[in-house]
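Asker: Return atomic coordinates for the entry below.
(one chain, ligands or ions: 1)
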Amino acid sequence: MSDTTRRAFIQGTAAAAATVSLASGAFAAGDDTLRIGLVGCGGRGTSAVVEALRADPKVKLVAMCDAFMDRLEDSLTSIKSKGDIAAKIDVKPDGKFDGFDGYKKVIERCDVVLLCTPPGFRPLHLKAAIEAGKHVFCEKPVAVDVAGAKSVLETAKLAKEKNVSLCSGYCWRYYHPMRETVKRIHDRVIGDISALHITYLTGGIWHRGTKPEWSPMEYQMRNWYYYTWLSGDFIVEQHCHNFDKARWVLDGKTPVAATGVGGRQQRRDPKFGHIYDHFAVTLEFPGGVKVFSACRQMEGCAGDINDHIIGTKGSAQLMDFTVTPSGGEEQSFAKPNAKSMYQVEHDELFAAIRAGKFMNDGESAAYSTLTSILAREAAYTGKRLTWKELLASDLNLAPAKYEWGAIDTPPVPLPGVYKLKKA
Ligand SMILES: NC(=O)c1ccc[n+]([C@@H]2O[C@H](COP(=O)([O-])OP(=O)(O)OC[C@H]3O[C@@H](n4cnc5c(N)ncnc54)[C@H](O)[C@@H]3O)[C@@H](O)[C@H]2O)c1
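Answerer: Below you'll find the model as predicted:
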């Protein structure tokens, strides 16, 4: 395969030709190795690389970046410890980058980019990767604000025009038992859906401490979870999975409006930035369907992560993978040995690239993220907030500049006082 053909194949501009090459076997004779780059070398990014390297025989990791070099080095050490992929790691010293602009260098050097930073950077990084014609795996959520989600919707369209793949980390959509369960709901085994009760009730999460030499920006970046411009608050950062499953069950519909409550009771120490630790939001969907959402991150409280679906002819429990028609037997689709959903995401992404049949989760991921943002903003404002009002806003939480030094912590949003910024 010539360099030009290889580039065309990888960028998706010669999908049909590539398929022919694959089918004829000519492809195997050329340099068809896909070069992988990682942006954001934390827990998820480190695992995503391993999954990507296991997903295809001819791939190699060539570039990595993290805001902090110590995070990158820890990640590389961990990736190297997996014996089965050791031969696929080819990150030379000039393939490692830190700071806010490292993503540009990673994108330049690879064919498939894994975007695994905190979600505040996702719209920027995704746009740059797709504009450069690279295939992308991008973690959820895909934004933290309205401006970011709108940018992702535009980028998703661009990915289609460029014939490159965009796989999102809304991973439950890649878990076979969940696909089987949702299929039965779509097959109307429990009739029409009238309501969903979705929960993400857990304990607290990590805090990475502080050091005297850290500037306020370094403190926020290292403890990104507690700052809305970086994480979107935990209702967006974590509970977004439940909102995504709800939208999946509801055939991709988006909400009409939301009303909710929330606040912080255990996370009162300023070291926890300004996010909440509990929310309860009711979302109105078309046709009178309601989604009742509750999420909490507090120590010493009951835990429950589930999606309870109430239909006119039965019910389903998504996280138990069960569907129960009224008066009938519970049907279970649980498979304890099912392949990891994280592996399936990468298997399907690389299969799509190889086949020239490009996948695109972008629009769906943006709408699930926006649904989470609607729920957050409804609780923050204390008002019934409509989808239209949300989309009319241009809420953009990014700081004016990404640079080390001073940065303020906004106040904890006070319902009744906090207002959604209009465009
Ligand atoms: N799908 C899932 O089930 C799942 C599970 C865990 C995490 N995630 C998602 O993955 C993302 C990362 O989560 P994590 O748990 O790996 O967090 P993490 O803190 O372990 O890793 C994030 C890394 O990104 C780095 N980073 C921050 N800003 C950067 C920038 N501008 N450029 C380069 N690097 C930057 C951080 O320094 C950190 O090392 C989040 O969006 C999270 O929601 C998804």
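Asker: which bits of the stretch 151-300 of the chain sit near the ligand?
Answerer: G169, C171, M221, E237 (CB under 6 Å from any ligand atom). Quick note: C-beta positions are derived from backbone N, CA and C, even for glycine.
Asker: Could you tell me how many residues sit around the closest residue to the ligand within the chain?
Answerer: Closest approach between the chain and the ligand, counting by CB to the nearest ligand atom: G42, at 1.7 Å. G42 sits with 21 neighbouring residues when counted by other CB atoms under 10 Å.
Asker: Now intersect the residues of the stretch 151-300 of the chain next to the ligand with the helices, please.
Answerer: Per DSSP state H, helices hold the following members of those: M221, E237.
Asker: any weak-confidence spans in the chain?
Answerer: Scanning the chain for pLDDT under 70 picks out 1-30, 423.
Asker: thought the residue of the chain closest to the ligand was touching S75?
Answerer: Yes: using CB atoms under 8 Å, G42 is in contact with S75, at 7.2 Å.
Asker: Spit out the residues that contact those two alike.
Answerer: Residues touching both G42 and S75 (CB atoms under 8 Å, 6 or more residues apart in numbering) are D66.
Asker: Make CSV out of the residues of the stretch 151-300 of the chain next to the ligand and add neighbour count.
Answerer: Below are those laid out as CSV (neighbours: other CB atoms under 10 Å):
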residue, neighbour count
G169, 27
C171, 18
M221, 22
E237, 24
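Asker: Show me which pair in the residues of the stretch 151-300 of the chain next to the ligand is furthest apart.
Answerer: C171 and M221 (24.9 Å; CB to CB).
Asker: and V291, what does it touch?
Answerer: So V291 contacts A195, L196, H197, I198, F243, A246, P255, T282, L283, F285 (CB under 8 Å, 6+ apart).
Asker: Now with 10 Å, please.
Answerer: Contact analysis of V291 by CB atoms under 10 Å, 6 or more residues apart in numbering lists 193, 195-198, 242-243, 246-247, 249-250, 255, 258, 281-285, 307, 309, 371, 375.
Asker: cool, and T322?
Answerer: T181, R184, S315, A316, E330, Q331, S332, F333, A334.
Asker: switch the cut-off to 8 Å
Answerer: T181, A316, E330, Q331, S332, F333, A334.
Asker: Quick check: beta-bridge partners of it?
Answerer: Under the criterion DSSP bridges, T322 forms beta bridges with Q317, S332.
Asker: can you give me the helices in the stretch 301-423 of the chain?
Answerer: Ranges of helices within the stretch 301-423 of the chain are 341-355, 362-381, 387-392, based on DSSP state H, counting those that start in this stretch.
Asker: Within the helices and strands, which one has the residue nearest in space to the middle of the chain?
Answerer: Geometric centre of the chain, nearest residue: K140, 0.7 Å, by CA atoms, centre = their mean. Assigned by DSSP states H and E, K140 belongs to no helix or strand.
Asker: cool, and F137?
Answerer: Per DSSP H and E: strand 135-138 holds F137.
Asker: Show me what that strand pairs with in its sheet, parallel or antiparallel.
Answerer: Counting by DSSP bridges, strand 135-138 is paired with strand 112-115 (parallel), strand 166-168 (parallel).
Asker: just to revisit the earlier point, can you tell me the closest non-neighbouring residue to the residue nearest to the centre of the chain?
Answerer: G169 (4.4 Å; CB to CB, 6 or more residues apart in numbering).
Asker: how about the residues of the stretch 1-150 of the chain that lie near the ligand?
Answerer: By the rule CB under 6 Å from any ligand atom, the part of the stretch 1-150 of the chain lying against the ligand is 39-45, 65-68, 71, 100, 102-103, 116-119, 121, 139-140.
Asker: Which ones among these lie within helices?
Answerer: G43, R44, G45, R71, G102, Y103.
Asker: Hmm, H241 and W172 touching each other?
Answerer: Yes: assessed by CB under 8 Å, W172 is found in contact with H241 at 6.2 Å.
Asker: if we can go back for a sec, got TSV for the residues of the stretch 151-300 of the chain next to the ligand, with distance to A132 too?
Answerer: Converted to TSV, those look like this (distance: CB to CB, whole Å):
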residue	distance to A132
G169	20
C171	25
M221	24
E237	27
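Asker: out of the helices of the stretch 301-423 of the chain, which comes closest to R268?
Answerer: For R268, the closest of these is helix 362-381, at 17.2 Å, according to CB to CB.
Asker: How about the closest one and the ligand, any contact?
Answerer: No: if you take CB under 6 Å from any ligand atom as the test, helix 362-381 misses the ligand, and the best it gets is 10.4 Å.
Asker: export that helix as PDB, just CAs?
Answerer: These are the backbone C-alpha positions of helix 362-381, laid out as PDB (Å, rounded to 0.1, in the frame of the first residue of the first chain):
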ATOM      1  CA  GLY A 362     -21.500  11.900  18.200                       C
ATOM      2  CA  GLU A 363     -25.000  13.200  18.000                       C
ATOM      3  CA  SER A 364     -26.500  10.700  20.500                       C
ATOM      4  CA  ALA A 365     -23.600  11.400  22.900                       C
ATOM      5  CA  ALA A 366     -24.100  15.200  22.600                       C
ATOM      6  CA  TYR A 367     -27.900  14.800  23.300                       C
ATOM      7  CA  SER A 368     -27.300  12.500  26.300                       C
ATOM      8  CA  THR A 369     -24.800  15.000  27.700                       C
ATOM      9  CA  LEU A 370     -27.200  17.900  27.100                       C
ATOM     10  CA  THR A 371     -29.900  16.000  28.900                       C
ATOM     11  CA  SER A 372     -27.600  15.800  32.000                       C
ATOM     12  CA  ILE A 373     -26.800  19.500  31.600                       C
ATOM     13  CA  LEU A 374     -30.600  20.300  31.500                       C
ATOM     14  CA  ALA A 375     -31.000  18.400  34.800                       C
ATOM     15  CA  ARG A 376     -28.100  20.100  36.400                       C
ATOM     16  CA  GLU A 377     -29.200  23.600  35.400                       C
ATOM     17  CA  ALA A 378     -32.800  22.900  36.500                       C
ATOM     18  CA  ALA A 379     -31.600  22.100  40.000                       C
ATOM     19  CA  TYR A 380     -29.100  25.000  40.000                       C
ATOM     20  CA  THR A 381     -31.700  27.600  39.000                       C
END
